[in-house]
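Asker: model this:
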Amino acid sequence: MPERHATVRADIDLAWWKWPGSMPPTMLMHGIGNYARYWDLLADAVGGRLRLIASDARGHGESGKPSEAEAYAADEFVADALEIMGAAGIQSALVVGHSMGGGHAARLAASHPGRVRGLVLVDWSPAPLAEGAERARRLSLSRPAAFVDEADALAYLRETSPGHPEAVYANRLAYAFTRGPDGLTWKSSPAALAAILGGRAAASSEDPAAPTPSSDQKRVPPDVGGRGRSASARGRSDAYRRGARGRAPVIDGRRGPDLGVIACPVLVVRGTRSTVLSAEVAGATARELRNGRILELDAGHNVALDRPRELAAAIVDFSASLRP
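Answerer: Residues are numbered from 1 along each chain as shown. I've put the predicted structure just below:
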């Protein structure tokens, strides 16, 4: 079992976990709505071959949940990662980021090159496919506020994310929720998710960024949409290929990390069934990087859940190629 630690930055508690293992130290950064222990299956597969550090991002898990929207700017997540690295005694690390965490990891590598010896971007896209972006907004911002018991929560997890092994659902039940007199409630803050997704100003009863419904509203139905790329998705990929090279891409009005300045080796991992990262954007991302390569695994967006052993092997092999 990993050891739990905590540190404080700017009056915000940051919870993080450490798995003992070999060098190099490896920081794991999770995606929106998740938590540090999301990485448990991957950590089990790594099996001590790397020293792992994973934190609950602010607004998530057991970390603090500031109320100000400005507290969820990307640079704040980067500063939190640096604070945790310092608390763990890590000067430089291999940094692995999934989805939102991949964007923060890329920004960390771009802005603090001396602290990142290698970077693994797991199904992070600077130009997400429309299907995956819409799903993230729906499941983050239109989810039930509470569940009467574990059976109720488990039914929701199975409906909205079908097909996972039982270990994944057990992990979600153990770490995604808080138990209380009202049943199970999410550990991740609805206000944090709305701020991160930029849905605050546009929220309305008909908008996917509407406030989280009360616990007596019906749960969202399963995601049974088609897997083909829509015209808007193709347009986003095309726009990234045409316009992003040589400068930081602009995503939903916000400037992303400048991939061209990242000097360390980067492994871009894509799930072949991902609804977030297209093959075209993965290729464009790798070309934009100074030292990037692509690995595709038979997985959806949550590669660490679908293929933990294969992803662990790839990360360990990649770490062996890095300079001390």
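Asker: Show me what stretch 74-81 is in contact with.
Answerer: Here stretch 74-81 makes contact (CB atoms under 8 Å, 6 or more residues apart in numbering) with 9-10, 12, 14, 27, 29, 55, 57-58, 95, 103-105, 107-108, 111-112, 254. In short, each C-beta sits where N, CA and C put it, glycine included.
Asker: quick one, strands of the chain?
Answerer: 3-9, 12-19, 25-29, 51-55, 93-98, 116-122, 146-147, 177-180, 183-186, 250-251, 254-255, 266-271, 292-297 (DSSP state E).
Asker: Now restrict the contacts of stretch 74-81 to buried residues only.
Answerer: In the contacts of stretch 74-81, burial by neighbour count holds for 9, 12, 14, 27, 29, 55, 57-58, 95, 103-105, 107-108, 111, counting by 16 or more other CB atoms under 10 Å.
Asker: just curious, which of those residues is nearest to residue 1?
Answerer: For the buried ones among the contacts of stretch 74-81, the closest approach to residue 1 (CB to CB) belongs to residue 55, at 16.5 Å.
Asker: Let me see the contact set for residue 96.
Answerer: Residue 96 makes contact with 26-29, 105, 119-120, 122, 315 under the criterion CB under 8 Å, 6+ apart.
Asker: switch to 6 Å and redo it
Answerer: 28, 120 (CB atoms under 6 Å, 6 or more residues apart in numbering).
Asker: Also residue 301?
Answerer: Counted by CB under 6 Å, 6+ apart, residue 301 has contacts 123, 271, 274, 276.
Asker: Quick check: nearest residue in space to residue 158, chain neighbours excluded?
Answerer: Closest residue in space to residue 158, ignoring its immediate chain neighbours: residue 169 at 6.8 Å, by CB to CB, 6 or more residues apart in numbering.
Asker: From residue 140, how far out is the one you found?
Answerer: The gap separating residue 169 from residue 140 is 19 Å, by CB to CB, to the nearest Å.
Asker: same question, residue 300
Answerer: 17 Å.
Asker: How about residue 30?
Answerer: Applying CB to CB, the value for residue 30 to residue 140 is 13 Å.
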